[in-house]
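Asker: Structure for this input, please:
(one chain, ligands or ions: 1)
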Amino acid sequence: MGDSQPMTTTARAVIDLDLPGDRISRHVYGHFAEHLGRCIYDGFWVGEDSEIPNVRGIRSDIVEALRELDIPNLRWPGGCFADTYHWRDGIGPRDERPRIANTNWGDVIENNHFGTHEFMDLCDLLGADAYVNGNIGSGTVQEMADWVEYLTRDDDSPMARLRRENGRDEPWKVPFWGLGNEAWGCGGGMSAEYYAEEARRYATFAHNHGGNRLTRIAAGANEDDLDWTRVLMKTLMECHGCTLYGNLAYQAVSFHYYTHSGSGINTEDATGFDERQYYETMAYAAGIERIVRGHVAVMDSYDPDNRVGLVCDEWGTWWNVEEGTNPGFLFQQNTVRDALVAGIHFDVFHRYARRVTMANIAQTVNVLQAMVLTDGDRLVLTPTYHVFEMNKGHQDAENLTAHLREVPTATVRGQQLQLVSMSASTKDDTALVSLSHLSADAECTVTVSLRGRAARVTRARVLTGESVGAYNDADAPDRVAPRPLEARIEDDALVVTLPPHSFATVELALD
Ligand code: AHR
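Answerer: From the prediction side, this is the model:
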């Protein structure tokens, strides 16, 4: 942006406030923490002897920041790491736990100080549900079955007894269970057909103990590999006589979608990009809608009653690592561009709430599109963090269709990219409208006709920065932070003027 006033464009939209649709699961605001780089070690986990304030070794300022987001769930221990992880390595006295090689991420030595008990403690501190990702790639059915029993069984079964010996009396609640990860790649290089059979077999022995009910999630497709989803659905739904007492073997299938500017993950920098790379990134992020629509269509054809959820358990941007950092640690900065990628994804997850039951950004701390970055005892909230915070009112609200009528566009790689993305939801006589404005240099006045109910603005905020590449760091932690936005109701329409490259939320009270 120069010193001159930005050009102003206009957009129009309509929301029927009295026609709520599907419930947006709070779990689409889920997170992912892998044993990768500084996500767990020197991230969540600093150890009990650290001078950084912690509770039982878990860093307190991170917990506090994530609680502010109402973090609904946390996926762990991977990712690719999950299919090399043997859970017995991470229980018992810490100084007796084996040291293993983390062959996926930096080939560093892992001391297993953060294991099952530490993860469940973290979930308790966060007030988040546990999403434990089991090992199919290099594990066994028995190993996975034992882990489920260790975590969730009461009484004096062998695994429950072992848990008690390690200091935990009560079983934990574990609602989400991953059946391996990226089975087509780091999870074992399997064909869809082979994996689908394996997933069904492993799921059969991942029991519901006592009152615990697992949502078993089959490791799904990469991006638009609809055939993978088709095979998972076919194997699940057409398996005559092999349902588990009338239940499906797995209750959800996942897919992964990483955003870059079109030249592949890990090929461009997180900062210092140009306008072409910026728009191409926006277009790539908007591509999530086509991907979700495709998977939903396949799932609808096998499962018209919507019994199986679609879970995007890895999403976000993937840039080059920051200079001087370990290439295997995936540490990257986070700019206004990343925040807009998040805004676009949430609009799609909200729209497809009927089928999309969970999503997990990769990853929560110090890795890829993180919420928080740490530097010694200092902690920085990223622009993406603020999108999660501004959007948290959508959690468990009912979606409202936002019809965009007239929208400015840009041509990106020969395709038209809409420069405004939006979604809305309603809960308890309130509504929340989210708007991502993608133009790099123009501002946009958006007029949203509000039909069906009278509304008044209770709060409006905007997140932007000096440029699309603006970011926060320890010396300037609030360069990109939410600020008040002027929003008014005029002739039953919400009117806001969005600055260039901005994300905004408007909270409404409904009469
Ligand atoms: O999030 C980083 C890695 O990306 C995960 O371990 C893997 O599942 C994916 O390829």
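Asker: neighbours around G189, how many?
Answerer: 12 (other CB atoms under 10 Å). (C-beta placed from N, C-alpha, C; glycine too.)
Asker: nearest spatial neighbour of the closest residue to the ligand within the stretch 151-300 of the chain, skipping sequence neighbours?
Answerer: The ligand sits closest to E182 of the stretch 151-300 of the chain, with a gap of 4.6 Å, by CB to the nearest ligand atom. Excluding the flanking residues, the one nearest E182 by CB to CB, 6 or more residues apart in numbering is A219, at 6.2 Å.
Asker: Check whether the helix or strand where that neighbour lies comes into contact with the ligand.
Answerer: According to DSSP states H and E, A219 maps onto strand 215-222. No - using CB under 6 Å from any ligand atom, strand 215-222 stays clear of the ligand, coming no nearer than 8.3 Å.
Asker: could you point out which element follows that strand?
Answerer: Defined by DSSP H and E, the subsequent element after strand 215-222 is helix 226-237.
Asker: Would you mind pulling the contact partners of that next one?
Answerer: Under the criterion CB atoms under 8 Å, 6 or more residues apart in numbering, residues 184, 192-193, 195-197, 199-200, 218, 220-222, 248-250, 253, 255, 294-295, 298-299, 301-303, 308 lie in contact with helix 226-237.
Asker: what's near enough to touch the closest residue in space to G139 that isn't next to it in sequence?
Answerer: Among residues not flanking G139 along the chain, H86 sits closest, at 6.8 Å (CB to CB, 6+ apart). Neighbour list for H86: 135, 138-139, 143 [criterion: CB under 8 Å, 6+ apart].
Asker: which bits of the stretch 101-250 of the chain sit near the ligand?
Answerer: 181-182.
Asker: picking that back up, can I get the buried part of the contacts of H86 as one PyMOL selection?
Answerer: A single PyMOL command is used to select the members of the contacts of H86 judged buried by 16 or more other CB atoms under 10 Å:
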select buried, resi 135+139+143
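Asker: and the contacts of H86, which two are the farthest apart?
Answerer: S138 and E143 (9.6 Å; CB to CB).
Asker: And the residue nearest to L368 when sequence neighbours are not counted, how close does it get to T317?
Answerer: Leaving aside its chain neighbours, L368 sits nearest to A362 (4.9 Å; criterion: CB to CB, 6+ apart). Computed as CB to CB, to the nearest Å, the A362 to T317 distance reads 9 Å.
Asker: who touches both of those two?
Answerer: 258, 368-369.
Asker: among these, who's most crowded?
Answerer: L368 (28 neighbours).
Asker: tell me the SS of that one?
Answerer: coil (DSSP: H, G, I helix; E, B strand; the rest coil).
Asker: give the contact list for it.
Answerer: Per CB under 8 Å, 6+ apart, neighbours of L368: 316-318, 330, 332, 362.
Asker: Include pLDDT, secondary structure and distance to the ligand when you put the residues you listed into a markdown table, please.
Answerer: Listed next are the contacts of L368 as a markdown table, based on pLDDT from 0 to 100; DSSP: H, G, I helix; E, B strand; the rest coil; distance: CB to the nearest ligand atom, whole Å:
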| residue | pLDDT | secondary structure | distance to the ligand |
| --- | --- | --- | --- |
| G316 | 98 | strand | 8 |
| T317 | 98 | strand | 11 |
| W318 | 98 | coil | 8 |
| L330 | 98 | coil | 6 |
| Q332 | 98 | coil | 12 |
| A362 | 98 | strand | 4 |
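Asker: Quick one, which of those are buried?
Answerer: Buried, going by 16+ other CB under 10 Å: 316-318, 330, 332, 362, out of the contacts of L368.
Asker: neighbours around the closest residue to the ligand within the chain, how many?
Answerer: Nearest residue of the chain to the ligand, counting by CB to the nearest ligand atom: G79, 2.6 Å away. Using other CB under 10 Å, G79 is surrounded by 30 other residues.
Asker: okay, the nearest residue in space to E193 that is not next to it in sequence: pLDDT?
Answerer: Leaving aside its chain neighbours, E193 sits nearest to V231 (5.8 Å; criterion: CB to CB, 6+ apart). Model confidence at V231, expressed as pLDDT, equals 97.
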